[in-house]
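Enquirer: Here is my input, please return the structure:
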Amino acid sequence: MLQKSKIYYTLTDEAPLLATHSFLPIVKAFTKSANIEVEVPDISLAGRILANFPEYLTDDQKVPDALAELGELATKLEANIIKLPNISASVPQLEDAIAELKKQGYAVPNYPAEPRTDEEKAVNKKYAKVLGSAVNPVLREGNSDRRAPKAVKNYAKANPHRMGVWASDSKTSIAHMSSGDFFGTENSTAVETDGKFRIVFYGKDGSEKILKDLSPLKAGEVIDSSVMTLSALKSFVSEAIAEAKEKDVLLSAHLKATMMKISDPIIFGAIVETYFKDVFEKYKDTFAELDINPNYGLATLNEKIAGHPQEAEVRADIAKTIENGPKLAMVNSDKGITNFHVSSDVIVDASMAALVRGGGKMWNKDGKEEDTVCIIPDRTYAGFYDAITQDMKKNGAIDPKTFGSVPNVGLMAQKAEEYGSHDKTFQISGEGTVKIEDESGNVLLEQKVQTGDIFRACQTKDAPIQDWVKLAVNRARLSDTPAIFWLDKDRAHDSQIIKKVEQYLKDHDLTDLDIGIMDVKDAMLETLRRAREGKDTISVSGNVLRDYLTDMFPILELGTSAKMLSIVPLMNGGGLFETGAGGSAPKHVEQFQQEGYLRWDSLGEFLALQASFEHLAQTQNNKKAQILADALDEANAKFLATDKSPARKVGQIDNRGSHFYLAMYWAEALANQTTDTEISARFAPVAKAMQENEAKINEELIAAQGSSQDLGGYYHPNSEKTYAAMRSSATLNAIVDGI
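Expert: Residues are numbered from 1 along each chain as shown. Predicted structure coming up:
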């Protein structure tokens, strides 16, 4: 009998979670034919909250810690995980999710933002494991291989998306610091032997505080420290405000307050507080009384001031500041939500890619496009965006019909670089020095700090670097494509990585391969030059830059980053298959709740599933899995060729309709394949039933649109209600359930 294989298909959040309720029954029905069991671990924000607080729940409310279990699985050969986009929670999102769970009868504790008692400190520590990029560092036990599949790229060339026009005299610019930022203060070293380190603050007043106690360091590991100086940051923001005012353009901030959950909300708060300096000074006592923290933006300020005797006065002064200062870019012009309202709305990789695609414009309060001064304080990656905006001004917008492809090989295994820095990032409470010491007290790195400064330390292990270099060489050889390592020789961390890359490249046969190392700005300009000529170039980058590149280029090439094939070959032989970005997910949920129409495109899930089947076939010799993979590949190509992705509005095909067509094309391909007669016999009647009932199924799916939907929750929807909403064709359900 065929050995049973397992796929772990994650339950996440928002639009991807809704789509899973439609697609998962299809996946489970089809995979039975290859003796594949599909497990569905819940790693959603709500699921992670519940898993961390079992002592507050009744026995029937308790859930397993699916994320911890998957993290353990990711280190094993048998891992085969399909990971959908999840919420990287900001504090406001966390608080909203907690409130929803409480309303549903789950007695989880409130989030103590500034814990005072031991109990509050313990609760805060548990919630810290839920905030920000809690999922990805746990699962990513391998480096990233992300690219546009040929069928997707060909479709994009034949059906180019709309690009905004870049004017040579565009006033849009990137504003960044010239000193006092993480880039300028960074120092870095590679340790030679296994050991331990701790992080200690030594106050000028003689005080001493352990910020992080002894933790392991592995031989060959790179460790960095850097500081964002609060005074320099606020001074820079004042200059950017003046620049936007002088140019008479919008002002916008572009950070990653979701992923960089400690540092970037503080930076966001400094920007908000500096722009509204007069307001924060005038109402200093009132804001202290109401515990208003600028890190949470205008939305929380508006919530907390509501009902206060000074509410009207405060709101008037905020409006006056915006009127007299540079205009603020908007997240939602219709609802008056500015770029400064919520830190989690400010996601630099999504917002800057949209800006570049849109001709350098953002939206003003009247819903019209305008140039903007983009605040990206830290120079570490600001140069990346400066280079592309300068290129667009000089050469104009790209043409998706002829533009080359820019796949990415990203260093991210074992919490590499900044995305693993959360437990080593601190806002400093006094003047002094922060030292990274080994277990003998020897100082590895140190930084001078002032009150309010943000100290950050990052680690990058040697084994992932070796694996990253190997993956880059393999991808360059397999695709016969030049590869560029994007590393700045003037950045302390990158200079250490460059030494290792040069060393480990010598371990490989580079005959006939074109592999080089370039500063980030030069790499961007060279990659764009080649892409404009229709040539492909592999970008090989660190963890954060991987995130930015894999939004920027897919959005330019394809119009979306959701259609990328994202494979993480896990270092111990398993596979993690990611399904694209989820930045648009909240808007899709809002539309579905209001009018029963889900615009989410599941192509990323289709592509990841196909790669997952191939991995099972290769690692577990499951020949039937390969048949599923080949048939799904054929179905994906037909899905694209017939344009069955969701449209835009009620009355047109939505996510559920796209799942039906994928299922029908997949069943047709399985019925027509001749390798396995048992599978073809099983799916021939399925394909026939779907073909014969196509009009009826479409009619049922369209009829379900147009009315508001009650899912029983946003962060923790009721499963029965969600399945009922997302499986709205009784005819299709009967066919699928009967397989």
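
Enquirer: all helices in the stretch 151-300 of the chain, in order from the N-terminus.
Expert: With DSSP state H, counting those that start in this stretch as the criterion, the stretch 151-300 of the chain has helices at 182-185, 230-247, 263-275, 277-282, 284-289, 297-305.

Enquirer: where exactly do the helices run in the stretch 551-700 of the chain?
Expert: So, for the stretch 551-700 of the chain - with DSSP H, counting those that start in this stretch - the helices run 585-595, 603-620, 623-641, 655-672, 677-692, 694-703.

Enquirer: sorry, back to before: in CSV: the helices of the stretch 151-300 of the chain, plus mean neighbour count.
Expert: No exception for glycine: its C-beta is placed from N, CA and C like everyone else's. CSV is the format used below for those (neighbours: other CB atoms under 10 Å):
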stretch, mean neighbour count
helix 182-185, 23
helix 230-247, 18
helix 263-275, 24
helix 277-282, 15
helix 284-289, 12
helix 297-305, 20
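
Enquirer: so which of these gets nearest L101?
Expert: The minimum distance between L101 and the helices of the stretch 151-300 of the chain falls on helix 297-305, with 19.1 Å, by CB to CB.

Enquirer: just checking, what packs against that closest one?
Expert: Helices and strands touching helix 297-305, by 3 or more CB pairs under 8 Å, 6 or more residues apart in numbering; DSSP states H and E, are helix 91-103, helix 263-275, helix 311-324.

Enquirer: among the ones you listed, which is nearest Q593?
Expert: Ranking the helices and strands packed on helix 297-305 by their distance to Q593 (criterion: CB to CB) puts helix 91-103 first, at 13.5 Å.

Enquirer: List the residues that contact P149.
Expert: For P149, the contact set (CB atoms under 8 Å, 6 or more residues apart in numbering) comprises L565, L607, N636.

Enquirer: Equivalent analysis for E369, please.
Expert: G164, G358, G359, K361, M362, W363.

Enquirer: on that earlier part again, most neighbours, which of the contacts of P149?
Expert: In terms of neighbours by other CB atoms under 10 Å, these top out with L607 at 27 neighbours.

Enquirer: for the residue lying closest to that residue once chain neighbours are set aside, what are its contacts?
Expert: Once flanking residues are discounted, L607 sits nearest to L565: 4.7 Å by CB to CB, 6 or more residues apart in numbering. Going by CB under 8 Å, 6+ apart, L565 touches R146, R147, A148, P149, V152, L607, A608, A611.

Enquirer: Check A663 too.
Expert: Listed by CB under 8 Å, 6+ apart, the contact set of A663 reads I26, F30, M690, L732, V736.

Enquirer: Name the SS class of the second one, please.
Expert: Of the three states, F30 takes helix according to DSSP: H, G, I helix; E, B strand; the rest coil.

Enquirer: Is it correct that Y56 is in contact with N110?
Expert: No. Here Y56 does not reach N110: they are 11.0 Å apart, not a contact under CB atoms under 8 Å.

Enquirer: higher neighbour count, these two?
Expert: Neighbours around Y56 and N110, counted as other CB under 10 Å, are more numerous at Y56. The numbers are 16 against 12.

Enquirer: what's the more buried one sitting at in phi/psi?
Expert: Y56 has phi and psi values of phi -100, psi 0 when expressed as degrees, to the nearest 10.

Enquirer: I'd like the numbering to begin with 46 instead of 1 from here.
Expert: Taking 46 as the first residue, the last one we looked at is Y101.

Enquirer: In contact with it, which residues are there?
Expert: Neighbouring residues of Y101 by CB under 8 Å, 6+ apart: Y151, A152, V153, P154.

Enquirer: mind running it again at 7 Å?
Expert: A152, V153, P154 (CB atoms under 7 Å, 6 or more residues apart in numbering).

Enquirer: Name the helix or strand for Q504, please.
Expert: Here Q504 sits within strand 499-505, counting by DSSP states H and E.

Enquirer: Give the buried residues for the helix or strand following that strand.
Expert: Later in the chain than strand 499-505, the nearest helix or strand by DSSP H and E is helix 507-524. Buried residues in helix 507-524, counted by 16 or more other CB atoms under 10 Å: 507, 509-518, 520-522.

Enquirer: do the same with stretch 82-97
Expert: Neighbour-count burial for stretch 82-97 [16+ other CB under 10 Å]: 83, 85-97.

Enquirer: Ok, stretch 712-729 next?
Expert: A712, E713, A714, L715, A716, Q718, D721, I724, S725, R727, F728.

Enquirer: Quick check: closest non-adjacent residue to the second one.
Expert: With CB to CB, 6+ apart as the criterion, E713 has its nearest non-adjacent residue at 4.5 Å, and that residue is A732.

Enquirer: so how far is A119 from that neighbour?
Expert: Here the distance between A732 and A119 works out to 36 Å (CB to CB, to the nearest Å).

Enquirer: Equivalent analysis for A91, please.
Expert: 22 Å.

Enquirer: same question, L129
Expert: Distance from L129 to A119, by CB to CB: 16 Å.

Enquirer: between the two, which one's more packed in?
Expert: Per other CB under 10 Å, whichever of L129 and A119 has more neighbours is L129, with 27 against 24.

Enquirer: from what I can see the more buried one touches T55, true?
Expert: Yes. Taking CB atoms under 7 Å as the definition, L129 is a contact partner of T55 at 5.6 Å.

Enquirer: Just the endpoints, please. Distance across stretch 455-471?
Expert: Stretch 455-471 has an end-to-end distance of 26 Å (CA to CA, to the nearest Å).

Enquirer: Let me fix that, I meant to ask about stretch 180-199.
Expert: Per CA to CA, stretch 180-199 runs 33 Å from first to last residue.

Enquirer: For that stretch, could you pull out the residues that count as buried?
Expert: For stretch 180-199, using 16+ other CB under 10 Å, the buried residues are 180-194, 196-198.

Enquirer: swap in stretch 667-677?
Expert: In stretch 667-677, counting by 16+ other CB under 10 Å, buried: N667, K669, A670, Q671, I672, L673, A674, D675, A676, L677.

Enquirer: Name the nearest residue to the last one, sequence neighbours excluded.
Expert: In this case it means L677. Nearest one to L677, counting by CB to CB, 6+ apart, is Q655 at 4.4 Å.

Enquirer: same deal with the second one?
Expert: Leaving aside its sequence neighbours, K669 sits nearest to A79 (CB to CB, 6+ apart; 3.6 Å).

Enquirer: pretty sure the one you found is touching N666, no?
Expert: No. Between A79 and N666 no contact is recorded; they are 12.0 Å apart, counting by CB under 7 Å.
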